[in-house]
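# what's the 3D shape of this:
(chains A and B)
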Number of protein chains: 2
Amino acid sequence: MPTKKANPEATKPSLDCILRPRSVAVIGASRSNHSLGRKILSNLIDFEFTGLVFPVNPTAKVVNSMKCYPSVSAIPEPVDLAILAIPRDRVLRAVDECGKKGVKGLVVITAGFKEVGGTGAILEEKLRQKILRWGMRMVGPNCMGVVNTDPEVRLNASFSSATPVPGTVAFLSQSGALGDVILSDARSLHLGISMFVSVGNRTDVSGNDLLEYWADNPRVRVVLAYLESFGDPKRFKTVARATTRKKPVIMVKAGRTEAGARAASSHTGSVIERDVAAESLFEQSGVLRVPNIHSLFLYATAFAHVELPRGGRLAIVTNAGGPGILATDAAASLGLPLANLSKKTTDQLRRVLPSEASLRNPVDIIATATPQDFGKALRLVAKDNQVDGVLGIFVSPVMVDVADVGRETILARKTMKKPLLCCLMGRERNRAAVTELLSTGTPVYQYPEEAVQAFAGLVRYTEIAKEPEGKVVSLPANPDLATRAIRRARRAKRTLLTPSEAEEVLGAYGFPLAPSREVNSVAEAIEFAGEIGYPVVLKVTGSEFVHKTEVGGIRLDLRNGDEIAGAWQDMATRLYPEATPKKRGSKFLVQKMLRSGLEVILGAVSDEKFGPLILFGLGGIHVEILKDVSVRTHPLTDVDAKEMIRSLRGYPLLTGVRGSRPVNIKILEQCLLRLSRLMGSHPEIAELDLNPFMAAPRGGTSAAVDARILLHPTSRPV
Amino acid sequence: MPTKKANPEATKPSLDCILRPRSVAVIGASRSNHSLGRKILSNLIDFEFTGLVFPVNPTAKVVNSMKCYPSVSAIPEPVDLAILAIPRDRVLRAVDECGKKGVKGLVVITAGFKEVGGTGAILEEKLRQKILRWGMRMVGPNCMGVVNTDPEVRLNASFSSATPVPGTVAFLSQSGALGDVILSDARSLHLGISMFVSVGNRTDVSGNDLLEYWADNPRVRVVLAYLESFGDPKRFKTVARATTRKKPVIMVKAGRTEAGARAASSHTGSVIERDVAAESLFEQSGVLRVPNIHSLFLYATAFAHVELPRGGRLAIVTNAGGPGILATDAAASLGLPLANLSKKTTDQLRRVLPSEASLRNPVDIIATATPQDFGKALRLVAKDNQVDGVLGIFVSPVMVDVADVGRETILARKTMKKPLLCCLMGRERNRAAVTELLSTGTPVYQYPEEAVQAFAGLVRYTEIAKEPEGKVVSLPANPDLATRAIRRARRAKRTLLTPSEAEEVLGAYGFPLAPSREVNSVAEAIEFAGEIGYPVVLKVTGSEFVHKTEVGGIRLDLRNGDEIAGAWQDMATRLYPEATPKKRGSKFLVQKMLRSGLEVILGAVSDEKFGPLILFGLGGIHVEILKDVSVRTHPLTDVDAKEMIRSLRGYPLLTGVRGSRPVNIKILEQCLLRLSRLMGSHPEIAELDLNPFMAAPRGGTSAAVDARILLHPTSRPV
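Next comes the predicted model:
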C-alpha cells in the first residue's frame, strides 16, 4: 500500500488510463432509459468506442443487448477504466472491487459528496484515500463524464445529449451542467472537441493535472476551461504558465463576487477587492480570461482554426458601410490599429473593384460587388505587408447566392498565410454558407464586433507567447534581523509593529526609508530636525491612530523650530487631551520631509489561499477613490514588477507630465521585488503598507515615509 | 409653390402618407427577377398590403400578372405613396410626375446621390427642393424601404428578403444593408416589428421626424435605431427627450472613432475626445445607447415583452450552480443588487423544493428538480416584495422534456406582475421551447449574462423615465460687458483674450475669480500682495506660454516680499532672457494663493455641429491622464449640472475623504450653468478653460485661479 510521497504528482499514473483506455466498464448500466448509467453506455456505443465496453449491474443480465456482469470482478478481460453511476453509498465498495480487478482509471458520476457537506464530505475523504491506496486516478465525483474524440480512442463516457464533433479544442468544466451546455453549443457552432473533462469535485484529477496532460498533446491546439474556484492556485501559476508558453489557454472564472482576497479592515486589504487575486493569477500565467461562455466560444472559434497573427494590424473588407464602421469601432475600443494599406494594394484594389468602392481600410467594395470581387479583395489585402489579419464582412444583397460568397472566401483563404475571420450577416438565409465555412476551418461570426473581439484575442495571445520569461530576483536581505523585530512584537503580544520595529524589518530588506526618529520632547524634535535639515514632518505615532490624516495627526512642511513647537502644542492638546505634559512627549515622530517626488503606495496582504499578494498604486487618492492599483501574487518576477507599474492608468504620471521629471522607476521595481521576498520569508506578516512611498526623480531620494506592518493574530504555520 | 417657412417641420404633412398609404405605386417594377423594383412589388403583395398596388414601368404591360402602367399619371385611381426604384437620372422627372398626380409620399430606393458626391450631391439638392415644392414627404434616397405591420395597413415596401413578424418594435436604420440584417435577425429571434424605416440619406424624412411620429403611436412600444451620424443634434436632444419620457429609445451609434468633437490643440479640446459629444447627447436625452446590434436585440427582446421593473433587485432561480454564478457575476458587474429574499419566501421554497436546494438568492433548485419545481420557485420569488424582477435559468438534464419547462414557465409568468426573463441553456435541443416562450411573450436568452444585461437595460430605463425634467436656469449676467471685451480682442486681431479681458468676460457672468493683478515691477507685485495678503502666486502671462507649468512659469506659495523678488528674478532670467530689465516687468501677474480646496476644471469648447460642449473634471492630473471628465451639450439644465459632477469616478473626493471637508458643490453647479449661458450667448468663443478652479469647502473661497478664453479664428455667424 503506497504511502504519501513528497511529490505525489510525480508518481501518479498518467491520465491515459482515463482518457485513452482500451476497455471500459460502466458500473450502474441499467435497463431504464432514464438512468445516467444507461445514457453513458449508449453514448459509448453510439460514439463507437474503439475498445471493449462492459455493462455492470447485479440486477440485470442484459443491458442494451449486451451481456451484463454482476460486478467488475466478474468481467473476464482486463478493464482500464470504470465509470461509476451508482448510488453514493455503494461507491466505496465498487472502488475496492475495481482496485482488486486492476482497474487504473475511474470516472465517478455519482453526486452527494463534499458538495453537500456532512457525511458526503467524510465519504469523499475516504474515497480520496482509497484512490491513493490503489494507485488509481479518478475524475469526479459529481461530474458528467469525459470525452476523447481521437479516432484511435473515440471515447464518449459522458451522459451529454450532444454528440461531440472531433477537433482540436480541449475543454474542462468545473460545472457538470455547463459542461453539457458547452458540448451542445460547441456542436451547433461546429467547434471540434479533442478532449472534454467534467472535473466535478476534483478529488483526485484536478484542472492543473489536465493542463499538464494537455500541454504537450499534439491533438490539443487550444485549452478552454470553466472554473468556479482554484484548487491549488500556487501550482496553477506554474502549470498554467508552462502551458500558455505552448498553446493558448482561455478561461471563464465565475464567482467574481466571492473569490479573491477578502475585504479586510485595513488599508491594502480594502483595496484588494473581490477577484483581484484570481485576476492577477491569470495575468501572471498568461491565461486569457474571458467574462462568459459566449466569449469563450468567440475566442475558441478563432484559435481552433487560424494561425496566430504577427501583430494587431487588421484589414477589413466589407460590402456594406455600416458593418464596416461597427468593426472599426470595435477595433478602436479594443486598442487594435487598423492596417494602413500600401499604395500597391490600393492600386490593385482599384483595378478589380467597382469605381465607387472605398479603397482605404475598411475597404468597402459596395453593395453591387460580386462574391468574386469579395474574394479578390480579401486576397489583395492579405498580401499587404502592413496587414497582420483580415476580416471579411459580407451582407448578402437580395440576389446574391451566399453559397458563392462562401466558396470565394474559402478559395481566398487557401492563398493566405495570415488569419482570416469572416462575418456573414443575416442569420437565416446564410446558414448553409456558414456551415460550409466553419467546417472547412474559416471562423465565421454573426456580428462584426464578435470577429474583432476574437481577433483581439489572437493578438493578445501572440503577445503572451512572446513575453520574456521573468526571473524571481533575490535582492540581498537579512531575514534574521527582520525575524528578531517580529518576535519582539509577538512577545509583547502586539500584532501592529511599532515604527521602529517596522523600520528594522524594512531595513533588513533594503527598503529606503525617510530619516525619522521617535522623540520625547519639543527640544528633542528640534534637535533631530537640525540634524536632518528642514523642512520636517511631525506625526503622531500611537497605534490608536490608524489613519493619521483623518484625525489631523500629521503636520507637514515645518520650516523651523517655532513651527515644530506650534504643531506639537496643537496636536498634543487635541489628540492627547487626557495625558500629563510629561507623557505627551512619547507619542510623536519627526521625519525628514521629502518634497520632490510622487506619492505611490506599495503594499502586501497575505491571503490564506493565494499566498502573499503584492500591490502597487499611485498616491492616496488614486488608490482609495480611483482604485488605480495593480496586484500580483508572490513570488514576483522582474517582469511582473515591471508590468505592475506599467499597467496603471496613471502610469504616465511616473514618466513625467507637464514638465515634471520622470521618477526613478527602477527603485520602485526593486522595492516590489524586495516586498515579495519579504512577504515570502515572513508568513507571520498579515499586511504591510508603505503608504505613501515618495517616488523621486533619478538622483533624488525615493523613500517610504510611512510604514505599517501587521501580523496575523496568532502565528500561523508556514 | 410654397416657400420655405420659419418652421418648416410644423407645416409638413404627417408621415402617414408614407407609413399608412391606401395605395402604392411601384415605379420601376420590372419583369426581371433580379430587380429591386420587382422584389418590392412581390414583398408588397406577399405581405398582403391592404390597399391597391400599381406597378409602373414604361416598357412592360404586365408585371407579376398585374396591369403595369407606363407612368404614374396613367394610373386611374389616386396614389398615396410612390416607391422609386429606377435609375438615378430618371428620379427627378418621376418626382414631378408624382407631384402632378397628387402623390403625397415617396420612398426613393435609388442610390447615387449625396453619398457619391459630385453630381450626385447636386441632384440630391434638386430632389430636396422638388419635394418641398410639391409639399411631399420623402424617405431616402439610397434606402431599402419601409415597413408597417399594422393589420390595417400591412405595408412591406422594402426589398428585404426576410418577412417581418408583426409586433411592437419600431426600427430605423441609417444603413440599408444593416436594415436588411436587422429584419432578418429580428425574424429569427421572434422579435415583432411594428414599423421599420430605412432612412437612407435623410434628405427629407429624418430620424428626428420618425421619433416624433412614433412617440405617440400606441402600436410602438419601443424604438430602436442604428445611426451613423446625427443630422440635427440640437433638435435630436429635444425630440429624443420628449420620446424617452413616453417610451424607451435604444440606439447603436456607430462611427465612434470619427464622430464627436475634434481633438483640438487646446486643453479642453484635447480631452473632449472622439464621440464624447454623441455620448453626452444620449445621456441628456435619455436614450439608451448600446455598443452593437447584438445588444440592441438583447434589450429589444426584453422591452418588447415585459413590464418595467420598479427597481433593480433581481431574483435568480436556476437548476444548475454554474449558470447561477455567471448570472450573479453579471449582475454585480452591472451594479445590480441581488434581491434579499424574505424569510416567508425561503420558508415557502423549502416546502416545495428538494432538500439539497439552496434557498438563498440565487435559488438553486438543483439538477433533480422537475419543471414543476422550477415553475413553483419562479412564482414564489416573484411574490416577494423584495424582488423587482426574476431571472429563470434552466439547463435541461438528460431526461427532462424541455417543452415541460417552457409550459411551466409560461404558466408561472401569467401569475406575475413583474418582469420575468428566461435562460434556457443548450441551444440545439431547446429550440422548440425557446420558440414557444418567445411567441408567448417571455424573453428567452441563450446565456445568463445576456438576460442580466437586458434586465439592467429595463432598470436603467425605469430610472430615466422617473428622472426629473431639468430646467435651463438663467443666472444673472451682463452679456454686453462680455461682448465689449471680446470686441476689443477682435479689433486687436487677437484670438486669445488677455487675462484682464478674460476676467471681464467671466466677471460679466458672475464667475468667482481669485484676486489678481498684472504687475510691472517687483515693487508693484509686493504692494499688491500686501493688499490681498500672503501667500501669493507669481505667474508669467505672455500668450507664448500656453502651458505655464511646463516652462516653470508659475511660483506658488510665496510667503513674503523676499520670496516674490527671488521668484521674479528667477523667472524673468529664464523666460525672458532677451528682454531688457525694463521690459521684463510687463509679463507677470500676482494672484492670491487659494490654499484650501480641491482643483477642478471647468471648460467649454464650441463644436460646429453640436454647439457648445461643457466639460467638468477633477484637477489637472485627473483630466489629462485619467480622463475623468464629464461632458454635456449646451444648454445645460440644473439636472445636467448636478449629474455632470456626480458622474465622475472621483466624485467622492468632492464630498470629503480622509477627514477633508466636502467642497461647495452648489457653486460648481452654478458655474457650470453660467458657463453654458456664456457659451450660448457668445458664439465667437471657441474654447474656454477655468483650469484650475479651486473648489473650497462651504464658507471658503471657491474661485477660478487660471482662465483662458480663445475665440474662433474669424467671427462665425451665430
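# Enumerate the residues of the stretch 151-300 of chain A near chain B.
A:159, A:161-162, A:173-178, A:180-181, A:184-185, A:187-188, A:226, A:228, A:252, A:254-257, A:291-294 (Cβ under 8 Å from any Cβ of the partner chain). Just so you know, the C-beta spots here come from the backbone N, C-alpha and C atoms, and that holds for glycine as well.
# Please flag which of these sit within helices.
Those of these mapping onto helices are A:176, A:177, A:178, A:180, A:181, A:184, A:185, A:187, A:188, A:293, A:294, per DSSP state H.
# could you flag which of these are buried?
A:176, A:177, A:178, A:180, A:181, A:184, A:185, A:187, A:293, A:294 (16 or more other Cβ atoms under 10 Å in any protein chain shown).
# With pLDDT as extra columns, can I get those residues in JSON lines?
Below are these laid out as JSON lines (pLDDT from 0 to 100):
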{"residue": "A:176", "pLDDT": "86"}
{"residue": "A:177", "pLDDT": "85"}
{"residue": "A:178", "pLDDT": "87"}
{"residue": "A:180", "pLDDT": "85"}
{"residue": "A:181", "pLDDT": "87"}
{"residue": "A:184", "pLDDT": "87"}
{"residue": "A:185", "pLDDT": "87"}
{"residue": "A:187", "pLDDT": "87"}
{"residue": "A:293", "pLDDT": "90"}
{"residue": "A:294", "pLDDT": "91"}
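# that older thread, nearest to chain B, of the ones in helices among the residues of the stretch 151-300 of chain A next to chain B?
Distance to chain B across those (Cβ to the nearest Cβ) is lowest for residue A:177, with 3.2 Å.
# thinking that closest one is in contact with residue B:395, fair?
Yes. With contact defined as Cβ atoms under 8 Å, residue A:177 and residue B:395 form a contacting pair (4.2 Å).
# Now for the two: what residues contact both?
B:319, B:320, B:323, B:367, B:425 (Cβ atoms under 8 Å, 6 or more residues apart in numbering or on different chains).
# Would you mind giving these as CSV with secondary structure and pLDDT added?
Shown next, in CSV, are these (DSSP: H, G, I helix; E, B strand; the rest coil; pLDDT from 0 to 100):
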residue, secondary structure, pLDDT
B:319, coil, 91
B:320, coil, 88
B:323, helix, 90
B:367, coil, 83
B:425, strand, 85
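# Which one of these is nearest to chain A?
Ranked by distance to chain A (Cβ to the nearest Cβ), these are led by residue B:320 at 3.2 Å.
# Can you report how many residues lie near the closest one?
25 (other Cβ atoms under 10 Å in any protein chain shown).
# Show the average pLDDT along the longest helix belonging to chain A.
Assignment by DSSP H gives helix A:448-466 as the longest helix of chain A. The average of the pLDDT scores along helix A:448-466 is 95.
# what about the next helix or strand after it, distance to the chain center?
Per DSSP states H and E, the first helix or strand lying C-terminal to helix A:448-466 is helix A:479-491. On the basis of Cα atoms, centre = their mean, to the nearest Å, helix A:479-491 sits 35 Å off its chain's mean C-alpha point.
# Domain map for chain A?
The record's domain parsing of chain A by automatic domain parsing lists A:8-220, A:307-466, A:515-593.
# so which of those domains comes closest to residue B:566?
Counting by Cβ to Cβ, residue B:566 lies closest to domain A:515-593 out of the domains of chain A; the figure is 15.4 Å.
# end-to-end on the closest one?
Across its full length, domain A:515-593 reaches 9 Å between end residues, using Cα to Cα, to the nearest Å.
# residue contacts, the residue nearest to residue A:302 when sequence neighbours are not counted?
Closest residue to residue A:302 apart from its sequence neighbours, by Cβ to Cβ, 6 or more residues apart in numbering or on different chains: residue A:454 at 3.9 Å. Residues near residue A:454 by Cβ under 8 Å, 6+ apart: A:298, A:299, A:301, A:302, A:421, A:443, A:445.
# and if we set it to 10 Å?
A:295, A:297-303, A:306, A:391, A:419, A:421, A:443, A:445 (Cβ atoms under 10 Å, 6 or more residues apart in numbering or on different chains).
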